[in-house]
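[1] here you go, sequence then predicted model.
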Amino acid sequence: MTDKETGLHKIERLITEQKNIRNIATSAHIHHGKTAFTDVLLAAAGMMAAKNAGDLEEGMTTWQHADEQERLMTVDAANVSMPHEFHGQEYLINLIDTPGHIDFSGNVTRAMRAIDGTVVLVCAVEGIMPQTETVLKQALRERVKPVLFINKVDRLIKELKVTPEQMQERFMKLIAQFNILLQQIAEPEYARKWQVNVADGSVAFGAARENWALSVPFMKKKNISFKDIYNLYAIEDEKQRKDWIWKNAPLHEVILDMVVKHLPNPLEAQKYRISKIWSGDIESALGQDLISCNKQGKLAFVITRIIIDPRVGKEVYAGRLFSGTMENGMEVYSTLTKQKTRIQQVLVYEGIKPKQVDKAPAGNVIAIVGLNTEVGDTISTEEIQPFEAIKHIFQPVITKSIEVTRSADLPKLIEVLRKVSKEDPSIKIEINEETGENLMSGMGELHLEIIENRIKTEKGLEVKTGPPIVVYRETVNKACSKLETRTPNGHNIFFLSIEPLEDGVFESIQSNQLPETRFKKKAEDVWKKLEALGIDNDEARQYKEIYKGNVFQDRTRGLVLLSEVIESILDGWKLVVDGGPLAREQLTKTKVILYDAKLHVDHMHRGPAQIYPALRNGLHEAMKAAQAGLLEPVQTHMIEAPLDFMGTVTNLVASKRGVLQDVQQEAGQVTVRAEIPVAEMIGWSNDLRSATEGRGISNLVDQRFKPLPRELQAQVIYKIRQRKGLSENQ
């Protein structure tokens, strides 16, 4: 190669060499060092000044918003690409730096679709934390292979002053814990295969802020021992110390060697990932293109992130190209909007900056301009089986109403809210035309606070928000007997019932093992999965649609006209799922069964205007008979505080309708695991801080919906209905 090759030319050349591409992410608990780690890699690739790498003032390149710098934490995932040389070959590393705070973990879920491997960072002092477990779950749900980096080792030496032997002991314990987690979460086939191991170099350790890392193979190669690391911190002269690091333990070299050796290229990864994230026919031409990551194949691109340029409002769609080649000016088809559009720009990343290229082949993380769609959409040249929906591990549970301070800004607010939900799909926006109320739901109070602040500062719109509202779900507690419901014109009758959905089926829908979709043709894969869950073969074949954790079954026999109205019946059912009879909250964990129908021969008498009300009235009646009730969101938190505050913490949990699950004491610290209803957790972090004099911390471990206590049901339903302005019969 000549010396004059620019960075962009090099990346343009490398995107075509699929076996030398690695699509990876950083993932970890908050403040375990992901962004400083990314900085050091970028600096080594010559894409930022080395002296600024990991510096909170000058560095943190992937923090693109002012609020990230103010709060010293990553909010948005950021794409970067950089070349790396290993054993005389050049590699392209496409990396996504992801957030660690639980409120922004939707960004982690979406990033996992685009990548094949992840570097999980764990702080050497704090160890495996609840969010470490969450990011591992998110990776393994998308069949993304992890490797481990134990970060902040300098703190062990400087703060805890551990001996080399104690350090090794600590590492072994951390690695064992990580592998146990992997064993518990991963699918059986990968649980053993993906175990990390010190000896083979799939574990590294170091200090990202200090720019050093080591792995056992690298230590052998350079003839370095743990004692050398201790001697390093005895060196007074900073320049001398940096020289030693650069010569003997440069972070970028150790980490990227680990990435190249232990994480798969797209050709390898797509062989086993596609069947997990795409439910189409693997034997079809497209299925084979996807599995082989075919550059010449049919186009298949999945959008995982949308960035709206604040200056010009241009929408940039970033994602993963699984098959085909994306070219400037080509006409593409969106499976979500069912529309064709022309690509205006194809972009690849050079460092953090997107740069335009003429074309990019399969196996790359790229971005395109010229679409108008949403995250999760599959882009091709014609209608194809789309990829599975990108489903977050937790659902939004906190809502705020949002309004403008000046009524003249109302049209602008609706446009801004549309953009906000495009950029961050974890935010759910509901615009109520009747009451004029706009609702914004997010993962937690901090999530909504950041979004509100960005609307004011970045979108330039003065808004005010109401107090936090909790999101509930409606469900049924028993099966009801078959009942009939008529269309308003009296010409059609449906016989149906409702009952709670089986636990196993519901869990499989939640964990993405069963797809949420309308089944139009034989769904052999789904039938097999249902049979494995104990559903008999006949019933499995009656599944017509799975939607938001609810199931619709068709048990009718030989109804000729049913095929003409089934779409309207399913659409009518979905309207009820979106807002149930108790308080217009979403339904969950229900199974609706259609037994029979008497239909008018003239299609004029059985249109949607007749079918929707019949289903709504019938299902409302059925839910009443099946003892409908509300479910409330309940979070499991791991609370840590000094031992003196044990009584204070347990009393605080009890005062919030909380249930203690486990209390452990160790080295002057107490760790309390408790389940607390979200409705009682508004202002939780402040309450915990004041109760523990600022020394208590709380981490979310899990979140699920549980029945609201019977004595609170009527009062909560009344409050929600009042807030929504619902009359008696609505």
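    The structure has been received and is ready for your questions. Numbering: from 1, shown residues only.

[2] now do the buried residues in stretch 345-360.
    345-352, 354-355, 357, 359-360 (16 or more other CB atoms under 10 Å). Every C-beta, even on glycine, is put in place using the N, C-alpha and C of the backbone.

[3] from those, which is closest to residue 160?
    residue 352 (34.5 Å; CB to CB).

[4] taking the buried residues of stretch 345-360, tell me the two that lie furthest apart.
    352 and 359 (22.0 Å).

[5] and the host helix or strand of residue 455, what does it pack onto?
    Under the criterion of DSSP states H and E, residue 455 resides in helix 445-457. If you count contacts as 3 or more CB pairs under 8 Å, 6 or more residues apart in numbering; DSSP states H and E, helix 445-457 packs onto helix 66-71, strand 398-404, helix 410-423, strand 438-442, strand 463-465.

[6] what sits up against stretch 140-147?
    Outside of stretch 140-147, the residues within contact range by CB atoms under 8 Å, 6 or more residues apart in numbering are 25, 112-113, 115-120, 136, 139, 182, 185-187, 190, 194, 196, 202-204, 258-259, 262-264, 269, 272-273, 276-277, 393, 511-512.

[7] can I get the buried part of those as one PyMOL selection?
    To isolate the buried members of the contacts of stretch 140-147 in PyMOL, using 16+ other CB under 10 Å:
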select buried, resi 25+112+113+115+116+117+118+119+120+136+139+182+185+186+190+194+196+202+203+204+258+259+262+263+264+269+273+276+277+393+512
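
[8] can you tell me which of the contacts of stretch 140-147 are in helices?
    Of those, the ones assigned to helices by DSSP state H are 112-113, 136, 139, 182, 185, 190, 258-259, 262, 269, 272-273, 276-277.

[9] so which of the buried residues of stretch 345-360 is the closest to residue 530?
    Once CB to CB is applied, the member of the buried residues of stretch 345-360 that ends up nearest residue 530 is residue 360, at 39.3 Å.

[10] phi, psi for the residue nearest the centre of the chain please.
    For the chain, the residue nearest the mean C-alpha position is residue 109 (2.2 Å; CA atoms, centre = their mean). The phi and psi values for residue 109, taken as degrees, to the nearest 10, are phi -50, psi -50.

[11] packing partners for the helix or strand encompassing residue 10?
    For residue 10, the enclosing helix or strand under DSSP H and E is helix 7-14. In terms of contacts (3+ CB pairs under 8 Å, 6+ apart), helix 7-14 is packed against strand 78-86, strand 89-97, strand 345-350, strand 353-357.

[12] so residue 693, which state does it fall into?
    Here residue 693 is coil, with the state taken from DSSP: H, G, I helix; E, B strand; the rest coil.

[13] closest to residue 656 out of the helices and strands packed on helix 445-457?
    strand 398-404 (15.2 Å).

[14] which residues are in contact with that closest one?
    Taking CB under 8 Å, 6+ apart as the rule, strand 398-404 contacts 410, 412-413, 417, 437-445, 447-448, 452, 455, 461-471, 678, 682.

[15] from these, keep the buried residues only.
    Buried, going by 16+ other CB under 10 Å: 413, 417, 437-445, 447-448, 452, 455, 461, 463, 465, 468-471, 678, out of the contacts of strand 398-404.

[16] where does the prediction get shaky in this protein?
    1-7, 30-35, 38-79, 99-106, 310-312, 351-352, 392-393, 432-436, 458, 728-730 (pLDDT under 70).

[17] the lengthiest strand in it - contacts with which helices or strands?
    In the chain, taking DSSP state E as the definition, the longest strand is strand 628-642. The elements that strand 628-642 packs onto, with contact taken as 3+ CB pairs under 8 Å, 6+ apart, are strand 473-476, helix 646-655, strand 669-677, strand 697-707, helix 710-724.

[18] looking at those, which is closest to residue 609?
    Closest among the helices and strands packed on strand 628-642, once you apply CB to CB, is helix 710-724, at 24.1 Å.

[19] run the chain-centre distance for the closest one.
    Centre-to-centre, helix 710-724 and its host chain are 31 Å apart (CA atoms, centre = their mean, to the nearest Å).

[20] list the buried ones in it?
    Those would be 713, 716-717, 720-721, 724, for helix 710-724 by 16+ other CB under 10 Å.

[21] re earlier: out of the ones in helices among the contacts of stretch 140-147, which comes closest to residue 128?
    residue 136 (9.1 Å).

[22] quick one: the closest one and residue 183 touch, right?
    No. The pair residue 136 and residue 183 fails to qualify as a contact (CB atoms under 8 Å) at a distance of 11.0 Å.

[23] tell me the domain boundaries of the chain?
    With domains defined by automatic domain parsing, the chain comprises 7-264, 268-380, 398-469, 474-626, 630-713.

[24] need those domains in CSV (columns: distance to residue 387).
    Formatted as CSV, the domains of the chain follow (distance: least, CB to CB, whole Å):
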stretch, distance to residue 387
domain 7-264, 8
domain 268-380, 5
domain 398-469, 15
domain 474-626, 10
domain 630-713, 25
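
[25] please identify which of the ones you listed is closest to residue 386.
    Closest among the domains of the chain, once you apply CB to CB, is domain 268-380, at 3.9 Å.

[26] the closest one: how far from the chain's middle?
    19 Å.

[27] show me where the stretch 251-400 of the chain has helices.
    251-262, 266-277, 285-292 (DSSP state H, counting those that start in this stretch).

[28] winner for burial among these?
    Highest mean neighbour count of those: helix 251-262, a mean of 22 (counted as mean count of other CB atoms under 10 Å).

[29] may I have it as CSV, with CA atoms only?
    What follows is helix 251-262, C-alpha atoms only, in CSV (Å, rounded to 0.1, in the frame of the first residue of the first chain):
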residue,chain,number,x,y,z
LEU,A,251,-4.8,-1.6,25.5
HIS,A,252,-5.8,-1.4,21.8
GLU,A,253,-3.5,-4.2,20.8
VAL,A,254,-4.5,-6.6,23.6
ILE,A,255,-8.3,-5.9,23.2
LEU,A,256,-8.4,-5.9,19.4
ASP,A,257,-6.3,-9.1,19.2
MET,A,258,-8.9,-10.6,21.6
VAL,A,259,-11.8,-9.3,19.4
VAL,A,260,-10.2,-10.6,16.2
LYS,A,261,-9.4,-14.0,17.6
HIS,A,262,-12.5,-14.7,19.8
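
[30] what is the burial count for residue 387?
    Number of residues near residue 387 (other CB atoms under 10 Å) recorded here: 24.

[31] all numbers from here: first residue = 518
    Yep, numbering from 518; the last one is residue 904 now.

[32] residues contacting it?
    Counted by CB under 8 Å, 6+ apart, residue 904 has contacts 630, 794-795, 817, 819, 839, 893, 895.

[33] same thing but at 10 Å, please
    By CB atoms under 10 Å, 6 or more residues apart in numbering, the contact set of residue 904 is 630, 791, 794-797, 807, 817-820, 836-837, 839, 852, 893-895.

[34] can you lay out the helices and strands packed on helix 962-974 as TSV showing distance to residue 1226?
    Output for the helices and strands packed on helix 962-974, formatted as TSV (distance: least, CB to CB, whole Å):
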stretch	distance to residue 1226
helix 583-588	36
strand 915-921	20
helix 927-940	33
strand 955-959	23
strand 980-982	29
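
[35] could you point out which of those sits nearest residue 1021?
    strand 955-959 (28.3 Å).

[36] show me what the closest one is packed up against.
    strand 915-921, helix 927-940, strand 945-948, helix 962-974, strand 980-982, strand 986-987 (3 or more CB pairs under 10 Å, 6 or more residues apart in numbering; DSSP states H and E).

[37] show me the two of the ones in helices among the contacts of stretch 657-664 that sit farthest apart.
    The widest separation within the ones in helices among the contacts of stretch 657-664 (CB to CB) is 24.8 Å, between 775 and 794.

[38] just to revisit the earlier point, quick check, nearest of the ones in helices among the contacts of stretch 657-664 to residue 603?
    Closest to residue 603, out of all of the ones in helices among the contacts of stretch 657-664 and judged by CB to CB, is residue 776, at 9.0 Å.
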